[in-house]
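Visitor: just coords:
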């Protein structure tokens, strides 16, 4: 009799499942949970209860449908532990949370008290923007977080992410990875051990040693942000971009892959691996597609010339052109230094293909102890031998060098000057038109013979070592004489336009920078040091990231309104 009564109770319970969505209560035990928080079995093909096989559970089989506070579950079979408010689901398990999340698996467990779900076996979790596939997922509905530790793959419209473990914050639409993760995109691949990835915006925040690689370049960073949709990044902490022919480094980098544009701030260094050139400064812009670069704030270009280093500086330096066809332009207080020559002017223009360096605007050129000035100076190099070949000075050409002994100055001036170099030393000079000379003549014992003061239409000079002059030849009606030292007054010993600029001569690399550039350098280094002393923590998400959906909704509505207005 008791057995028959028990079977009748089971049939009544089953029928109530089919015709109502109300709570199902075991005929034996009452639910120990607050009203409205219990799991509801909406329907099933069959039910059974066996304290021997599954103690404390009602077994539902076939098209099982489960409800609980905003989620729907379905499966082939379910154990409903009414007292614990707990469900175990088997076969074709599907969990749906509104329109925000869908999760399928072979097996799942769900606790109605803690609102915690566990799914395993070919788990697939999706939301409107992405899909996760893995073996096991834990889903905490209270915190709206899902996490896995069994290797997973995440796919969205632009990217495929793979990692050993991951955590998904549903409200923020953010994945958080703390172990090896790879992001594959049609244009690039991100590899890092620490990544925050926002599925709606495609924004990626990396921390620790990371690479972002494409067919054309590779980015290395320890702290940065990358927009996978726009293909642009902001990088910090000594990041660098490596191309086939150059490396860009800086404490603060911005990069746009679509435009192949990079901007760098503080401790900037651009290495040209083909031309063996290094460019430094504290601000730079690099346009790879246009083969151009702009650098300022203690800008310095260094390279090898005749197996020796040469440095260029200017307030602003612009480099354009492809390899072996580069043009370097330096503007405002331009200078260069090499161990045996140096110069300064308002601006410098260097043409690599032609081998011409133009010094424009009050140029002064020093070679050994000689000073050359004029309105415009051209230094011509042998592009094959990589040696300085010759020099041209146009208008108001003037050469000054100190006498080998004493306080006098050897001086030669004319309209134009043409010089010839041998082994980087100025060996022969021709001055053309309206030439004048003051020349201290000495014998082999370096005794002063007299002071030669002369004018002619052309002068040829052969230079000796140091500041010595081996010979001077005058052409076409020379006019002048040799004065004994005591017969030529001091005020007649300098030609008109004489200006000795010895205090400006660049004798070492440090002299190439004016005071204001040193101050910029000090300020930039102080900024870097200050940042280094700050806690090294991951970048905080930007306002654009956090308000991405809101911003795009506003944009979409504006576009719709414009479209309706036009109609």
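Guide: Yep, it's here. Not measured: the values here are computed from a predicted model.
Visitor: ranges for the helices of the protein?
Guide: For the chain, the helices defined by DSSP state H cover 2-19, 515-533, 543-546, 548-566.
Visitor: lowest average pLDDT across those?
Guide: Mean pLDDT values for these show the minimum at helix 2-19, a mean of 39.
Visitor: counting neighbours, what do you get for residue 76?
Guide: Around residue 76 there are 17 other residues, counting by other Cβ atoms under 10 Å. C-beta coordinates here come from the backbone N, C-alpha and C atoms, glycine included.
Visitor: from memory it sits against residue 59, does it?
Guide: No: applying Cβ atoms under 8 Å as the test, residue 76 and residue 59 come out as separate, 11.7 Å apart.
Visitor: hey, what's in contact with both of the two?
Guide: Shared contacts of residue 76 and residue 59 (Cβ atoms under 8 Å, 6 or more residues apart in numbering): none.
Visitor: show me the contacts for the nearest residue to residue 136 once chain neighbours are set aside.
Guide: Spatial nearest neighbour of residue 136, excluding adjacent residues (Cβ to Cβ, 6 or more residues apart in numbering): residue 120 at 4.2 Å. When contacts are counted by Cβ under 8 Å, 6+ apart, residue 120 touches 105-108, 135-137.
Visitor: from the residues you listed, pick the one nearest residue 267.
Guide: Nearest to residue 267 among the contacts of residue 120 is residue 137, at 43.9 Å by Cβ to Cβ.
Visitor: that closest one is in contact with residue 122, isn't it?
Guide: No: taking contacts as Cβ under 8 Å, residue 137 lies outside contact range of residue 122: 10.9 Å.
Visitor: any common contacting residues for these two?
Guide: residue 105.
Visitor: ok, the two, which is more surrounded?
Guide: residue 137 (25 against 12).
Visitor: so where's this protein shaky on pLDDT?
Guide: 1-36, 304-306, 466-467, 555-567 (pLDDT under 70).
Visitor: related to what we said a few turns ago, quick check: the residue nearest to residue 136 vs residue 105, distance?
Guide: Remark: distance between residue 120 and residue 105 (Cβ to Cβ, to the nearest Å) = 6 Å.
Visitor: overlap in contacts of the two?
Guide: In terms of Cβ under 8 Å, 6+ apart, residue 120 and residue 105 are both contacted by the residues residue 137.
Visitor: re the thing from before, columns distance to residue 246 on top of the contacts of residue 120, output as a markdown table?
Guide: Shown next, in a markdown table, are those (distance: Cβ to Cβ, whole Å):
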| residue | distance to residue 246 |
| --- | --- |
| 105 | 50 |
| 106 | 52 |
| 107 | 54 |
| 108 | 53 |
| 135 | 44 |
| 136 | 46 |
| 137 | 45 |
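Visitor: just checking, which of the residues you listed belong to strands?
Guide: Of these, the ones assigned to strands by DSSP state E are 105-108, 135-137.
Visitor: what about residue 68, how many residues nearby?
Guide: Applying other Cβ under 10 Å, we find 20 residues neighbouring residue 68.
Visitor: identify the residue nearest it in space, chain neighbours excluded?
Guide: In space, residue 68 comes closest to residue 39 once its chain neighbours are excluded; the distance is 4.8 Å by Cβ to Cβ, 6+ apart.
Visitor: do the same with residue 473
Guide: Per Cβ to Cβ, 6+ apart, closest to residue 473 is residue 460, 4.4 Å.
Visitor: the one you found contacts residue 476, correct?
Guide: No: counting by Cβ under 8 Å, residue 460 stays clear of residue 476, with 11.7 Å between them.
Visitor: so those two - more neighbours on which side?
Guide: More crowded of residue 460 and residue 476, by other Cβ under 10 Å: residue 460, with 15 against 8.
Visitor: how far away is the residue nearest to residue 136 from residue 496?
Guide: 96 Å.
Visitor: also residue 548?
Guide: Using Cβ to Cβ, one gets 72 Å for the distance from residue 548 to residue 496.
Visitor: for residue 139, same thing?
Guide: 91 Å.
Visitor: which residues does the residue most central in space within the chain contact?
Guide: With distances taken as Cα atoms, centre = their mean, residue 253 lies nearest the centre of the chain, 3.3 Å away. Counting by Cβ under 8 Å, 6+ apart, residue 253 touches 221, 224, 233-236, 239-241, 262-265.
Visitor: quick one: which of those is nearest residue 509?
Guide: Using Cβ to Cβ, residue 264 comes nearest to residue 509 of those, at 22.2 Å.
Visitor: what residues are up against that closest one?
Guide: Listed by Cβ under 8 Å, 6+ apart, the contact partners of residue 264 are 248-250, 252-254, 270, 283-286.
Visitor: nearest to residue 533, of those?
Guide: Set against residue 533, the nearest of the contacts of residue 264 by Cβ to Cβ is residue 252 (15.9 Å).
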